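how would this look folded up:
(one chain, ligands or ions: 1)
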Amino acid sequence: MNASVLVINCGSSSIKYALIEADPQAPRLGGIAERLGSADARLKGNDSNGESFTKPLPSADHTQALSAILTSLEGREPTAVGHRIVHGGEHFTQAALIDAHVISAIQATAALAPLHNPANLAGIAATQKVFPNLPQVAVFDTAFHQTLPPHAYRYALPEALYTDHGIRRYGFHGTSHAYVSQRAGELSSRGAGGWLTAHLGNGCSTSAVWHNQSLDTSMGLTPLEGLVMGTRSGDVDPGLHAHLHHQLGWSLDEIDNVLNKQSGLLGLSGLTNDMREIEQAAEQGHAGAALALDVFCYRIAKSLAGLSCALPQLDGVIFTGGIGENSPQVRRRVVSLLPHFGFALDEARNAALIRGKEGKLDSAHHTGPELWVIPTDEEGRIAMETRHCLEAHA
Ligand code: ADP
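This is a model prediction of the structure:
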């Protein structure tokens with residue numbers, strides 16, 4: 001199918017978009033409508049020459065922003081829309097053609113993602129108004145991880161919390177883990193074997209993928225579980241909540257806010273959530289930034305070592321996301337914490353693989369498990385899944 005897919009990622013006050021043609025060589029148009037609902041709402045994007053533009057959209061809502069996005073597409077007509085939806089619960093194991101039934105199933109999952117799913121639904125409603133005749137497909141962040149076996153997805157909690165309330169591990173960043181593991185299978189002579197993927201951006205997660213199926217992942221019921229992230233703590237003692245409440249009198253909302261927005265690299269460094277600034281400050285002797293970097297790298301290595309138990313065989317590790325694609329230091333440090341895996345990182349290759357370059361980090365003639373940098377393409381993957389879903393319904 002040659003659908004020209006408009007990929008939409010709708011938040012409560014923003015819409016990220018990209019127009020992706022079936023021909024991978026065709027230039028992509030894309031950008032973000034942000035600060036929606038406020039006086040300084042605006043559309044920022046790039047045209048087909050790669051030039052950027054900004055257009056004020058004072059007080060625009062989601063529908064008005066989508067109309068502005070449509071007029072910025074240089075006359076190119078999308079033939080389908082692919083929506084990134086954060087949580088598909090256990091209902092969605094793959095992309096779904098949007099109809100009334102799919103919308104109510106997404107609504108039914110909103111309790112698991114109270115901030116994200118309602119915004120995603122608002123995006124679907126606005127898109128249906130602006131593009132009433134286009135087929136729309138929902139692509140879920142959680143769907144790729146629906147292949148986890150029960151021993152990986154169940155928490156050791158009373159069964160009714162799972163059966164009656166859906167409390168289990170779901171995992172996120174599914175489109176990214178799916179894309180980079182499939183790509184490694186195409187690029188590597190080892191094929192689609194056992195890959196550990198490390199998506200390291202503002203949000204960070206790892207995943208164990210065996211023959212294109214996710215067998216375990218670091219995020220859980222929510223995207224807070226697992227690795228240290230820009231502002232999220234990742235794993236803490238579950239007893240921490242009660243401790244903070246009893247000892248400091250914090251409310252659940254306060255605790256949630258601290259763990260999600262004031263922790264991670266920001267909390268540890270006391271400085272910033274931005275890895276570039278952390279690396280710079282650490283180099284200049286800032287103790288908090290140095291500690292943030294130590295904890296960040298150690299927790300990635302520990303997670304990868306743990307996830308290796310999910311794989312019958314380890315073929316390699318893939319780094320992706322803003323940090324995974326651009327920080328030779330983080331990659332080097334993570335690999336050096338896993339000496340028993342038999343990796344062989346080549347320093348020159350590690351230094352060279354930045355800014356969107358794809359390739360292997362291994363020394364020449366190395367035959368052990370491989371190390372790859374593969375720039376993620378979540379939008380391209382959403383467009384591809386949208387096309388596959390439409391083909392299946394054709
Ligand atoms: P998001 O998860 O919001 O999509 P990204 O995948 O773009 O975010 O990742 C953002 C992170 O990548 C930030 O911490 C940023 O500092 C980091 N990053 C980007 N470029 C570099 C670089 N050259 N060196 C180290 N970290 C970088």
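
other SSEs contacting the host helix or strand of A105?
If you go by DSSP states H and E, A105 is part of helix 100-108. On a contact count with 3 or more C-beta pairs under 8 Å, 6 or more residues apart in numbering; DSSP states H and E, helix 100-108 meets helix 117-130. No exception for glycine: its C-beta is placed from N, CA and C like everyone else's.

next SSE after the helix it packs on?
Going down the chain from helix 117-130, the next helix or strand is strand 136-140, by DSSP H and E.

Check the protein for the residue nearest the ligand and tell me.
Taking C-beta to the nearest ligand atom, the ligand has its nearest neighbour within the chain at G322, 2.1 Å off.

State the distance from that residue to Q25.
For G322, the distance to Q25 equals 25 Å [C-beta to C-beta, to the nearest Å].

Could you check the lengthiest helix in the chain and say which residues are buried?
Counting by DSSP state H, the longest helix found in the chain is helix 287-307. Buried residues in helix 287-307, defined by neighbour count with 16 or more other C-beta atoms under 10 Å: 288-290, 292-293, 295-297, 299-304, 307.

Which other helices and strands does it contact?
Under the contact criterion of 3+ C-beta pairs under 8 Å, 6+ apart, helix 287-307 touches strand 194-200, strand 204-210, helix 264-269, helix 275-283, helix 328-336.

what's in contact with that helix?
196, 198, 200, 204, 206-208, 216-218, 226-228, 234-235, 265, 268-271, 277-282, 317, 329-330, 333-334, 337-338, 341 (C-beta atoms under 8 Å, 6 or more residues apart in numbering).

Just the buried residues of the residues you listed.
Counted by 16+ other C-beta under 10 Å, the contacts of helix 287-307 give 196, 198, 200, 204, 206-208, 216-218, 226-228, 234, 265, 268-269, 271, 278-279, 281-282, 317, 329-330, 333-334, 337-338, 341 as buried.

and the ligand, which of these contact it?
E279 (C-beta under 6 Å from any ligand atom).

need the next SSE after the helix or strand hosting K44, C-terminal direction.
If you go by DSSP H and E, K44 is part of strand 42-46. The helix or strand immediately downstream of strand 42-46 is strand 52-56, counting by DSSP H and E.

I'd like to know which elements that following strand is packed against.
Applying 3+ C-beta pairs under 8 Å, 6+ apart, we find strand 52-56 packed against strand 42-46.

quick one: E378 from G30, how far?
E378 is 12 Å from G30, by C-beta to C-beta.

S327 too?
According to C-beta to C-beta, S327 stands 24 Å off from G30.

for A105, what are its contacts?
Going by C-beta under 8 Å, 6+ apart, the list of residues near A105 reads G89, H91, F92, A96.

in this protein, which residue is closest to the centre?
H173 (3.2 Å; C-alpha atoms, centre = their mean).

Let me know the pLDDT of that one.
On pLDDT, H173 comes in at 97.

doesn't A143 make contact with it?
No - the criterion here is C-beta atoms under 8 Å, and H173 misses it with A143 at 11.5 Å.

Neighbours of the nearest residue to A111 once chain neighbours are set aside, how many?
Nearest residue to A111, sequence neighbours excluded (C-beta to C-beta, 6 or more residues apart in numbering): G166, at 7.9 Å. Neighbour count of G166, defined by other C-beta atoms under 10 Å: 16.

Write out the residues of the stretch 201-350 of the chain neighbouring the ligand.
Within reach of the ligand by C-beta under 6 Å from any ligand atom, the stretch 201-350 of the chain has these residues: 201-203, 230, 274-276, 279, 321-323, 326-327.

just to revisit the earlier point, could you dump the helices and strands packed on helix 287-307 into CSV with mean pLDDT added?
Output for the helices and strands packed on helix 287-307, formatted as CSV (pLDDT from 0 to 100):
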stretch, mean pLDDT
strand 194-200, 98
strand 204-210, 98
helix 264-269, 98
helix 275-283, 98
helix 328-336, 98
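
got the contact list for the residue nearest to the centre of the chain?
Applying C-beta under 8 Å, 6+ apart, one finds that H173 lies in contact with D141, H199, G203, S205, S207, T217, M219.

Per-residue pLDDT of the residue nearest to V81 when sequence neighbours are not counted, please?
Spatial nearest neighbour of V81, excluding adjacent residues (C-beta to C-beta, 6+ apart): Q136 at 4.5 Å. Reading off the confidence values, Q136 has pLDDT 97.

Distance check, Q136 against L97.
Distance from Q136 to L97, by C-beta to C-beta: 8 Å.

which of those two has more neighbours?
Taking other C-beta under 10 Å, Q136 and L97 do not tie; Q136 has more neighbours (22 against 16).

thought K55 was touching A68?
Yes - in this structure, K55 is within contact of A68 by C-beta under 8 Å, at 6.6 Å.

Next, show the common contact partners of those two.
L43.

if we can go back for a sec, which ones are touching the residue of the chain closest to the ligand?
Applying C-beta under 8 Å, 6+ apart, the residues near G322 are L200, G201, N202, M275.

Could you dump those into a markdown table and include distance to G356?
Output for the contacts of G322, formatted as a markdown table (distance: C-beta to C-beta, whole Å):
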| residue | distance to G356 |
| --- | --- |
| L200 | 15 |
| G201 | 14 |
| N202 | 18 |
| M275 | 16 |
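
Derive a PyMOL selection command for the buried subset of the residues you listed.
For the buried members of the contacts of G322, the matching PyMOL selection, counting by 16+ other C-beta under 10 Å, is:
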select buried, resi 200+201+202+275
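
re the thing from before, any idea which of the residues of the stretch 201-350 of the chain next to the ligand is closest to V180?
Checking those against V180 by C-beta to C-beta gives G321 as the nearest, at 9.3 Å.

I'd like the distance between the closest residue to the closest one other than its chain neighbours and A352.
Excluding its sequence neighbours, the residue lying closest to G321 (C-beta to C-beta, 6+ apart) is G201, at 3.6 Å. Counting by C-beta to C-beta, the gap from G201 to A352 is 21 Å.
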